[in-house]
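[1] the following comprises the amino acid sequence and a computationally predicted model.
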Amino acid sequence: MSRRFRLFQAFAVLLGVPAASLPALQEMAAAQSKDAISVAIGQSVVPLDGPWKFHVGDSPVDPATHRSLWAEPDFNDSDWETVDLSPKSGSTDPVSGLPDFVPGWAAKGHPGYWGYAWYRIRAKIETKPGIKLALAGPSNIDDVYQVFDNGQLVGGFGNFEHDPPTVYYTEPMMFQLPQGIEGVSSASTAELAFRVWMHPNTVLQGDDVGGFHTAPLLGESGAVAAQYRMRWDELLRAYA
């Protein structure tokens with residue numbers, strides 16, 4: 001869905017117009033890529049700029065478990081494309097003015113493509129005793145997504161009960177992640193996977209559309225919550 005149309009939708013909602021009234025098996029570890037970013041979690045938040053692994057299309061499904069194979073932690077993504085979500089200094093969304101804008105997949109070798117695509121990242125996480133982890137999804141994306149942690153669906157943005165998914169106006173999202181043992185330091189590896197779907201009309205909105213336009217955030221739950229609220233403030237200011 002068009003970023004301009006999503007901006008109009010959200011502005012209408014702020015004015016009190018109801019949203020409903022608006023149109024609306026894998027190879028194993030021997031050959032597997034094991035590159036991972038390192039994340040030390042204290043009272044902090046880390047932007048997951050990458051490197052991410054990226055692939056257009058949708059995942060095959062395990063016939064026995066009905067789980068998406070591309071979400072599984074032992075899936076071999078070594079031959080996928082590599083994507084960096086680091087924004088250029090001072091970059092902004094050309095429509096909304098939101099900060100830290102990164103061009104989407106249309107500008108990175110997939111012009112004209114719409115539909116499903118996947119992003120995967122492996123993070124080695126070290127946490128202090130008692131730290132609870134959370135993830136803030138991308139606050140600027142075309143158009144909707146589901147997010148998996150080590151193969152488990154932890155949430156999403158948009159309605160994936162139908163095919164194609166239902167697209168909503170953009171808004172920040174925050175997800176609590178599975179916790180380690182209370183009271184002890186822990187180190188673990190998080191295999192995060194995002195299943196993204198872009199509406200065909202979004203292709204017509206420019207040559208930079210498609211998927212992530214900002215990086216997700218990973219960190220201590222309270223710090224992520226503060227960033228989540230700040231993203232809402234930025235969104236409201238942009239729409240106003």
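    Ah, there it is. Numbering: from 1, shown residues only.

[2] when you work out contacts or count neighbours from here on, use the C-alpha atoms and nothing else.
    Noted.

[3] where does this structure have low pLDDT?
    1-34, 38-43, 179-187 (pLDDT under 70).

[4] go again with 90.
    Within the chain, the stretches with pLDDT under 90 are 1-44, 93-99, 123-132, 162-163, 168-171, 177-190, 234-240.

[5] can you show me the helices along it?
    For the chain, applying DSSP state H gives helices covering 3-14, 221-239.

[6] and the gap between Asp163 and Gly112?
    Distance of Asp163 to Gly112, computed by C-alpha to C-alpha, to the nearest Å: 20 Å.

[7] out of the two, which sits in the busier spot?
    Gly112 (16 against 7; other C-alpha atoms under 10 Å).

[8] I'd assumed Val203 was in contact with that one.
    Yes. Counting by C-alpha atoms under 8 Å, Gly112 touches Val203, with 5.9 Å between them.

[9] would you map the strands across the chain?
    Secondary structure of the chain (DSSP state E): strands at 37-41, 45-47, 52-56, 81-83, 115-127, 133-136, 141-142, 144-149, 152-157, 174-176, 186-198, 211-212, 217-220.

[10] out of those, flag the one nearest Lys108.
    Lys108 sits nearest to strand 81-83 of all the strands of the chain, at 8.7 Å, using C-alpha to C-alpha.

[11] now do that closest one: which elements does it pack against?
    strand 52-56 (3 or more C-alpha pairs under 8 Å, 6 or more residues apart in numbering; DSSP states H and E).

[12] what angle do the strand it packs on and strand 115-127 make?
    Orientation check (axes from the mean of the first three to the mean of the last three C-alpha atoms, to 10 degrees): strand 52-56 against strand 115-127 gives 160 degrees.

[13] how far away is Val209 from Phe160?
    Look at Val209 and Phe160: by C-alpha to C-alpha, they are 21 Å apart.

[14] which one's more surrounded, the two?
    Set Val209 next to Phe160 and count neighbours by other C-alpha under 10 Å: Val209 wins out with 30 against 15.

[15] quick one: contacts for that one?
    Residues counted as contacts of Val209 (C-alpha atoms under 8 Å, 6 or more residues apart in numbering) are Pro103, Gly104, Trp105, Ala106, Ala107, Asp142, Thr202, Val203.
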